[in-house]
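Student: Here is a sequence together with a model predicted from it:
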Amino acid sequence: MTERRTARRYDLSLPVNIRLPINREPRSHSGHTRDISTRGVYFMTQRDLTPGTEIDFTLTLPAEITRGTEVLVRAHGRVIRVDKRVEEDQDAVGVAAVIERYDIIRGETSPD
């Protein structure tokens, strides 16, 4: 199998909130990332998604990773693959999504 990824992937487990903009759902669905790159993300969630679905998601990079303050990443993407899995005795869905655009919002630095 040939590697098709063009961006470096980082194994990071971070909380993620997912919304479906096309459905204009008032609430978000939670999950956690398994890995992320500048072009894509793979996350686990309880919400069953379909390839081709547009998603908005938000995750927070903690200060330990950014070596400063927390960084909020708000992104828009599209689901490209869905894997049904069993994780810790629960049915979970693994979702691979391409990131089409994102905004990075840096937190305030705390005064010392």
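Tutor: Received it, and whenever you're ready, just let me know what you need.

Student: list the contacts for the residue lying closest to Leu59 once chain neighbours are set aside?
Tutor: Leaving out its chain neighbours, the residue that sits closest to Leu59 by CB to CB, 6 or more residues apart in numbering is Val16, at 4.5 Å. To be clear about C-beta, it is placed using only N, CA and C from the backbone, and glycine gets the same treatment. Residues in contact with Val16, defined by CB atoms under 8 Å, 6 or more residues apart in numbering, are 30-33, 41, 43, 45, 57-59.

Student: Look up how far Ala96 lies from Val16.
Tutor: In this view, Val16 and Ala96 are 13 Å apart by CB to CB, to the nearest Å.

Student: which residues do the two both contact?
Tutor: With CB under 8 Å, 6+ apart, Val16 and Ala96 have common neighbours Val41.

Student: Need the per-residue pLDDT for Val86.
Tutor: At Val86, the pLDDT value in this model is 59.

Student: pLDDT weak spots in the chain?
Tutor: 1-6, 23-25, 86-90, 108-112 (pLDDT under 70).

Student: buried stuff in stretch 34-49?
Tutor: Residues 34, 36, 40-45, 49 are the ones in stretch 34-49 that count as buried (16 or more other CB atoms under 10 Å).

Student: Next, give me the two most distant ones among the residues you listed.
Tutor: Ile36 and Leu49 (17.0 Å; CB to CB).

Student: So which of the buried residues of stretch 34-49 are in strands?
Tutor: 34, 36, 40-45 (DSSP state E).

Student: and of the residues you listed, the nearest to Glu100?
Tutor: Lowest distance from Glu100 to these (CB to CB) belongs to Gly40, with 10.0 Å.

Student: wouldn't that closest one be in contact with Ala97 here?
Tutor: Yes: Gly40 lies in contact with Ala97 (CB atoms under 8 Å); the separation is 6.3 Å.
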